[in-house]
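Trainee: Take a look and give me a structure for this.
(one chain, ligands or ions: 1)
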Amino acid sequence: MPAQSRPSGAEFAIEAEDLHRTYLTRTGWLRPKTTEVTAVRGVSFQVRPGELFGLLGPNGAGKSTTIKMLNTLLLPSSGTARIHGYDVARDTREVRRRIGYVFGGDRGLYDRLSARDNLRYFAELYGVEPREQKARIAELLDRVSLTGRENERVEGYSRGMRQRLHIARGLLHDPDVLFLDEPSIGVDPVAARDLRNTVADLRAMGTTVLLTTHYMAEADQLCDRIAVIAGGAIRAFGTPGELKSRVGTRDVLDIEAYGVTEADLAPVRALRGVLSVSVEEQGARQTVTVQSERGSNLSREVLAALSAARLGRVVNREPTLEDAYIAIVEETSAAESAESAESAESAVSEQHEEVAA
Ligand SMILES: Nc1ncnc2c1ncn2[C@@H]1O[C@H](COP(=O)(O)OP(=O)(O)OP(=O)(O)O)[C@@H](O)[C@H]1O
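Mentor: All right, here's what the predicted structure looks like:
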């Protein structure tokens, strides 16, 4: 998109200003009740043209809701957002011309058509000039490394190939800004590496990318800057290096384990010097990660506390982006629990005061 077609003075590719979004949900059948869910509460950030920006957060954090507001699929309850200076609520057409949206999963492609025919179909839909279509499709197939496979039906494609075709689809109308919502979900490690190369190439070509992913190594490798969102609000901003430096003064212990329960973890959490304990499950195998104050040398105590479970390899390692992310999300949920305990307490004392009066 030529720069002169943007409103003057638009310094940022994406700007979100105090975005809020609430959903009304109806529950119950006999006595239906409407409840309000606040998915996004005051999200603000800016993305510079050509930047690869990561929006990371746990399930239900508000990532998809934020992206849907930025790409005009959902109106904000309050707050504003702009794409290259165009308001997402007012200038919908201008915004849509400048953005592409790629989401993970199986939807959005025609299985019985070839990759080329899928792209031809969507090129028509997106209004790509007929005389430009052939060259554009060939260029995109090349960019996502599907040249040579373009005439095969998509139903025979691997998940990674489908994802790359999704990206080609999202780029057909040459958007300035591409939203990539969990592109590597369910993709095997080799295909995920190819996908990462495709995403890195986008950035090299000057496309602004807003990426959501649950894979921290991917975010670490690809993103220029990252925002961590939890409970509908941004909890941390920075380059991967800046976020990692938040936990740079911690020791991290990874313990391979089988059959560890929440109750087994309580004594580990209670050890002096322990800052965070998390468990990742891969089938029956678990990895218990314990972050502690640097130099606290807690391996022996931690292993003793977990002695009820079957344990395997134990590794002391340097903190990663994933450790920083876990620390940020845990701090948020601890603060939220303290806040809700406080408000429950004040509600009880208000009730007592009422009764006394
Ligand atoms: N259409 C909807 N109606 C009601 N509540 C919704 C709706 N969509 C999302 N929510 C709620 O809003 C909150 C934020 O959801 P959102 O999908 O934005 O999170 P997310 O960070 O994208 O999560 P995930 O990583 O699981 O995709 C959640 O509590 C979710 O249950």
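Trainee: ok, now how distant is the residue of the stretch 251-357 of the chain found nearest the ligand from residue 210?
Mentor: Closest residue of the stretch 251-357 of the chain to the ligand, C-beta to the nearest ligand atom: residue 329 (11.5 Å). C-beta here means a position set from N, CA and C on the backbone, and glycine is covered the same way. Residue 329 is 20 Å from residue 210, where distance means C-beta to C-beta, to the nearest Å.
Trainee: and what of residue 246?
Mentor: 22 Å.
Trainee: Among those two, which residue is more densely surrounded?
Mentor: Counted by other C-beta atoms under 10 Å, residue 246 and residue 210 do not tie: residue 210 has more neighbours, with 27 against 17.
Trainee: In the stretch 201-350 of the chain, mark out all the strands, start to finish.
Mentor: 208-212, 225-230, 233-238, 250-258, 274-282, 285-293, 310-317 (DSSP state E, counting those that start in this stretch).
Trainee: Can I get these in a markdown table including distance to the ligand and mean pLDDT?
Mentor: Formatted as a markdown table, those follow (distance: least, C-beta to the nearest ligand atom, whole Å; pLDDT from 0 to 100):
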| stretch | distance to the ligand | mean pLDDT |
| --- | --- | --- |
| strand 208-212 | 7 | 95 |
| strand 225-230 | 7 | 96 |
| strand 233-238 | 12 | 95 |
| strand 250-258 | 24 | 94 |
| strand 274-282 | 16 | 92 |
| strand 285-293 | 20 | 94 |
| strand 310-317 | 26 | 93 |
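Trainee: Return the most buried member of those strands.
Mentor: Most buried of the strands of the stretch 201-350 of the chain by mean neighbour count (mean count of other C-beta atoms under 10 Å) is strand 208-212; its value is a mean of 25.
Trainee: elements contacting that one?
Mentor: Packing partners of strand 208-212 (3 or more C-beta pairs under 8 Å, 6 or more residues apart in numbering; DSSP states H and E): strand 52-56, helix 63-70, strand 177-181, helix 189-204.
Trainee: ok, which stretches of the stretch 51-200 of the chain are helices?
Mentor: Along the stretch 51-200 of the chain, counting by DSSP state H, counting those that start in this stretch, helices occupy 63-70, 92-98, 115-125, 130-143, 159-171, 189-204.
Trainee: With adjacent residues omitted, what lies nearest to residue 325?
Mentor: Residue nearest to residue 325 in three dimensions, not counting chain neighbours: residue 216, with 5.6 Å by C-beta to C-beta, 6 or more residues apart in numbering.
Trainee: Format the helices and strands packed on strand 208-212 as CSV; extra columns: mean pLDDT, distance to residue 295 and mean neighbour count.
Mentor: Below are the helices and strands packed on strand 208-212 laid out as CSV (pLDDT from 0 to 100; distance: least, C-beta to C-beta, whole Å; neighbours: other C-beta atoms under 10 Å):
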stretch, mean pLDDT, distance to residue 295, mean neighbour count
strand 52-56, 96, 29, 25
helix 63-70, 95, 36, 24
strand 177-181, 94, 40, 23
helix 189-204, 87, 34, 17
